[in-house]
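Engineer: need the 3D shape of this:
(chains A and B)
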Number of protein chains: 2
Amino acid sequence: MEENLLLLTSDEARLRREKVQRLMRDNGVEALLVSDNANVLYLCGRVYAGFAYVPAEGDITWFVRRPVGLTGEKVCYIRKPEDIPGALAQAGILSPSRLALECDIVPYNMARRLEALFPDARMVDGTSLLRDARAVKTPFEIERMRLSGLKHEAVYRKIPGLYLTGMTDHELQVEIERVSRLEGCLGVFRISGQSMEIFMGNIICGDNADAPTPYDFAMGGAGLDPSLPVGACGEEIKDGTTVMVDLNGDFTGYMTDMTRVFSVGEIPQLARDAHQCAIDICRMFECEAKPGVEAKVLYQAAADMAESRGLHRWFMGHRQHAGFIGHGLGIEINEMPVIAPRSRCILEENNTIALEPKFVIPHVGAVGIENTYRITPTGAVSLTNAPEEIIPLL
Amino acid sequence: MEENLLLLTSDEARLRREKVQRLMRDNGVEALLVSDNANVLYLCGRVYAGFAYVPAEGDITWFVRRPVGLTGEKVCYIRKPEDIPGALAQAGILSPSRLALECDIVPYNMARRLEALFPDARMVDGTSLLRDARAVKTPFEIERMRLSGLKHEAVYRKIPGLYLTGMTDHELQVEIERVSRLEGCLGVFRISGQSMEIFMGNIICGDNADAPTPYDFAMGGAGLDPSLPVGACGEEIKDGTTVMVDLNGDFTGYMTDMTRVFSVGEIPQLARDAHQCAIDICRMFECEAKPGVEAKVLYQAAADMAESRGLHRWFMGHRQHAGFIGHGLGIEINEMPVIAPRSRCILEENNTIALEPKFVIPHVGAVGIENTYRITPTGAVSLTNAPEEIIPLL
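Structural biologist: Take a look at the predicted model:
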């Protein structure tokens, strides 16, 4: 009935902890109190309700509220956050003078409540250092992503067999969701912050690609209901349009992001040219995206390729444009680095980045591709290898 | 290409706004700055990225960042929150001296950033007054929930036809998800706060019902992966066990919550007795849950029924117990009131409450039911009317 809290090997857990602790010391942070599910998962390999107390040196103390039955070194059950200071004192851990919280994530009231537990500490923001630590993946994390990519690819290869003439975008999406779930997709689309909501990703067909959304996703769609205004809208997939599939690739707790395009009937040359431009941008990225390269330089190189082919009007949207073409990902879909015009990120080895050069061609639909890449010394290597060309349905 | 921001009738929008404004005045709040998707949806009938500035009297100003193309009275596009004070001044709106934010929801950094926009204002917490306003539904909201309930019921009626001998819990869940999505389920399970994560709800079979989870849900399950440790675990559904289905009922932006139980082979009398106790608790609730009744009294009445039948060991869990048997719901799954031992809630007419008396019987599985109720002067009326008895599969 009991189970070890730590689900990572001790080497893997140490690698992650020491990466965080190095950034803590660089930023003069003595202790970090973590409660966000994604960050907790990063540190111990599982989600639990509670807190991880990370000192700048030494072991993490795991404060658990739920589930019952977790054991291991420095696992301490608490009923409420107010139990933490006493438990730390009992363990001989001195109260920190600079305590970091996840200030971009933790709600205001909870942050104030946690701050009050350490009246002698100055509270600082630890969100960025956790983001920076997580931006560079360990070999184990990359292996998880590689496995997600393989399953993601297996799902996408089945898409042509799921389409029937007369289907709506929603009906096709449901059949792809089913295949994906049977392949082991966990379904949940983990996004940092509460402002972006999505179900299992998007299928965007024809004119619906040009419906602007409230969310900071690269592509639009009106959705089925104004409570979730993104993606498939329930309209029949029409002849002469494209079907863009950008569905959840979380099969292992680490997700890949992949977009592919299908066509129904004949589509105009403009759409084919724009799709080829997206493929060429990915080829460029595979060569150029190396450690030390500035993210904004890569964005500009991609935008220049679209511009030089006369495709800038449709690049990353038409009525509404996305402000980026790539984003880090792993446990969450919006990690560091960001490939955007004013990004300050500089690429590092073992960043994992989804690059999604896309175009919206009015009355035809969305074209372009998205791959998830691992950054290596010799360039970007794709973890998502489904065929990239536009695949005709039927 | 343009669309009115307000998707509610002006009467409905006024009803909701005035309910919030009455609570604001009762609490001495001069203005309320809303950004949470669920609260924005409540006020205008759609999700957009931005803020709603609600004065204690008069019209709401809608500050929109995305999507492009929204029009209507007092719709004002902004690039960033810092644009808000200038736009208010231009509209002749005086800076408030007491400004409420959603302090239980908005991250610490964003709350501080918003606070800085109004240097002369005292910041107070507006989370509770929004929760209280949303706890009592308008007739229109109840109609949305009734429609969700009808579709939810249609999906559950199809479950026996989806089961095949030898299926895993996950495989059965995927087939139910598909039917639900084809019926129009939006999929997203809206939960206030980021700590509870779930995909489309849970199917819990046999011993997996007794696996404790980190989340504050009534029932458990180990899940497929430690990154999402809840619900189906991928094991074959065994003879002599129960299958508890508690899946997403969001078909309209307003969700119903409904749980039903199915059996494979013969299950022991204890499980049948516990299931009957849950049904009887619901019958009791239907009579007793009237405006003015204390939530904690209803909890106690339910717990007493389980106790008097010798079922308390298994009531609301076995290894880990949930601390409530019912919760308000609507746009989100965790609204007010809460039916729990120390709840201070007093029921009001047109509260909508999911009551979920459940039991975990070791080696058999979970039994019990969940219905979504509307509180009326004569008692609780169910919006979820699928058959309540344990239904044999095959």
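
Engineer: now A:K158. Its backbone dihedrals?
Structural biologist: phi -90, psi -10 (degrees, to the nearest 10).

Engineer: neighbours of the nearest residue to it once chain neighbours are set aside, just the number please.
Structural biologist: In this structure, A:K158 finds its nearest non-sequential neighbour in A:V179, 5.2 Å apart by CB to CB, 6 or more residues apart in numbering or on different chains. All C-beta atoms are positioned from the backbone trio N, CA, C, and that covers glycine. By other CB atoms under 10 Å in any protein chain shown, the residues close to A:V179 number 20.

Engineer: quick check: A:V179 vs A:G161, distance?
Structural biologist: Distance of A:V179 to A:G161, given as CB to CB, to the nearest Å: 9 Å.

Engineer: helix or strand for A:F285, which one?
Structural biologist: Counting by DSSP states H and E, the element that carries A:F285 is helix A:269-288.

Engineer: now the helix or strand that that helix is followed by: average pLDDT?
Structural biologist: Per DSSP H and E, helix A:269-288 leads on to helix A:295-308 as the next helix or strand towards the C-terminus. Mean per-residue pLDDT for helix A:295-308: 98.

Engineer: so what secondary structure elements neighbour helix A:295-308?
Structural biologist: helix A:269-288, strand A:326-328, strand A:335-339 (3 or more CB pairs under 8 Å, 6 or more residues apart in numbering or on different chains; DSSP states H and E).

Engineer: which residue ranges form the helices in the stretch 51-200 of chain A?
Structural biologist: Under the criterion DSSP state H, counting those that start in this stretch, the stretch 51-200 of chain A carries helices at the ranges A:84-90, A:108-117, A:127-135, A:139-157, A:169-182.

Engineer: CA atoms of the longest one as PDB?
Structural biologist: It stands for helix A:139-157. C-alpha atoms of helix A:139-157 as PDB (Å, rounded to 0.1, in the frame of the first residue of the first chain):
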ATOM      1  CA  PRO A 139      18.800  12.700 -21.900                       C
ATOM      2  CA  PHE A 140      16.100  10.900 -20.000                       C
ATOM      3  CA  GLU A 141      13.600  13.700 -20.800                       C
ATOM      4  CA  ILE A 142      14.500  13.700 -24.400                       C
ATOM      5  CA  GLU A 143      14.000   9.900 -24.500                       C
ATOM      6  CA  ARG A 144      10.500  10.500 -23.100                       C
ATOM      7  CA  MET A 145       9.800  13.000 -25.800                       C
ATOM      8  CA  ARG A 146      11.200  10.700 -28.500                       C
ATOM      9  CA  LEU A 147       8.800   8.000 -27.400                       C
ATOM     10  CA  SER A 148       5.900  10.500 -27.500                       C
ATOM     11  CA  GLY A 149       7.000  11.500 -31.000                       C
ATOM     12  CA  LEU A 150       6.900   7.900 -32.200                       C
ATOM     13  CA  LYS A 151       3.400   7.400 -31.000                       C
ATOM     14  CA  HIS A 152       2.300  10.800 -32.300                       C
ATOM     15  CA  GLU A 153       3.700   9.800 -35.700                       C
ATOM     16  CA  ALA A 154       1.800   6.500 -35.600                       C
ATOM     17  CA  VAL A 155      -1.400   8.300 -35.000                       C
ATOM     18  CA  TYR A 156      -0.900  10.800 -37.800                       C
ATOM     19  CA  ARG A 157      -0.200   8.000 -40.200                       C
END
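
Engineer: who does A:M255 bridge with?
Structural biologist: Applying DSSP bridges to A:M255 gives these bridge partners: A:D250.

Engineer: pull the number of nearby residues for it.
Structural biologist: Around A:M255 there are 29 residues (other CB under 10 Å).

Engineer: show the pLDDT at it.
Structural biologist: So, for A:M255, pLDDT stands at 98.

Engineer: what residue ranges in the stretch 251-394 of chain A score low on pLDDT?
Structural biologist: Within the stretch 251-394 of chain A, no stretch falls below the threshold (pLDDT under 70).

Engineer: contacting residues around the closest residue in space to A:N334 that isn't next to it in sequence?
Structural biologist: Spatial nearest neighbour of A:N334, excluding adjacent residues (CB to CB, 6+ apart): A:S192 at 5.4 Å. Counting by CB atoms under 8 Å, 6 or more residues apart in numbering or on different chains, A:S192 makes contact with A:D36, A:A38, A:D104, A:I105, A:E332, A:N334, A:E335.

Engineer: and the residue nearest to A:L228 when sequence neighbours are not counted, how close does it get to A:M200?
Structural biologist: Nearest residue to A:L228, sequence neighbours excluded (CB to CB, 6+ apart): B:L186, at 5.2 Å. Here the criterion is CB to CB. By it, B:L186 lies 11 Å from A:M200.

Engineer: what's around A:V124, how many residues?
Structural biologist: 16.

Engineer: also A:S343?
Structural biologist: 20.

Engineer: and the residue lying closest to it once chain neighbours are set aside, how many neighbours does it have?
Structural biologist: What sits nearest to A:S343 in space, not counting adjacent residues and going by CB to CB, 6+ apart, is A:A295, at 4.1 Å. The local packing of A:A295 (other CB under 10 Å) involves 27 other residues.

Engineer: these two touch, right, A:A295 and A:P341?
Structural biologist: No - look at A:A295 against A:P341 with CB atoms under 8 Å: they stay out of range, at 9.5 Å.

Engineer: picking that back up, just name the most buried of the helices and strands packed on helix A:295-308.
Structural biologist: strand A:326-328 (a mean of 27; mean count of other CB atoms under 10 Å in any protein chain shown).

Engineer: quick one, what contacts the residue nearest to A:K290 when sequence neighbours are not counted?
Structural biologist: In space, and not counting its chain neighbours, A:K290 is closest to A:G379: 5.8 Å by CB to CB, 6+ apart. A:G379 makes contact with A:E286, A:C287, A:E288, A:A289, A:K290 under the criterion CB under 8 Å, 6+ apart.

Engineer: show the average pLDDT along stretch A:103-120.
Structural biologist: 97.

Engineer: quick one: it near chain B?
Structural biologist: Yes - Stretch A:103-120 lies within reach of chain B by CB under 8 Å from any CB of the partner chain, at A:C103, A:D104, A:I105, A:V106, A:P107, A:Y108, A:N109, A:M110, A:A111, A:R112.

Engineer: can you tell me how far A:P362 is from B:I333?
Structural biologist: Distance from A:P362 to B:I333, by CB to CB: 39 Å.

Engineer: between those two, point out the one with more neighbours.
Structural biologist: B:I333 (22 against 14).

Engineer: what residues does the stretch 201-350 of chain A put near chain B?
Structural biologist: So the stretch 201-350 of chain A meets chain B at A:211-216, A:220, A:224-229, A:250, A:252-253, A:319-320, A:331 (CB under 8 Å from any CB).

Engineer: give me the buried entries from these.
Structural biologist: A:211-216, A:220, A:224-229, A:250, A:252-253, A:320, A:331 (16 or more other CB atoms under 10 Å in any protein chain shown).

Engineer: mind checking pLDDT for the residue nearest to A:L228?
Structural biologist: 97.

Engineer: that one reaches B:D250, doesn't it?
Structural biologist: Yes - counting by CB under 8 Å, B:D250 is a contact partner of B:L186 at 4.9 Å.

Engineer: leaving out the residues flanking it, which one is nearest to the residue sitting nearest the centre point of chain A?
Structural biologist: Geometric centre of chain A, nearest residue: A:I333, 1.2 Å, by CA atoms, centre = their mean. Nearest residue to A:I333 in three dimensions, chain neighbours excluded: A:I191, at 5.4 Å (CB to CB, 6+ apart).

Engineer: contacts only, for the one you found.
Structural biologist: Applying CB under 8 Å, 6+ apart, the residues contacting A:I191 are A:E197, A:I198, A:E332, A:I333, A:N334.

Engineer: now stretch A:158-175: buried residues?
Structural biologist: A:I159, A:L162, A:Y163, A:M167, A:T168, A:D169, A:H170, A:E171, A:L172, A:Q173, A:V174, A:E175.

Engineer: stretch A:350-367 now?
Structural biologist: Neighbour-count burial for stretch A:350-367 [16+ other CB under 10 Å]: A:350-361, A:364-367.
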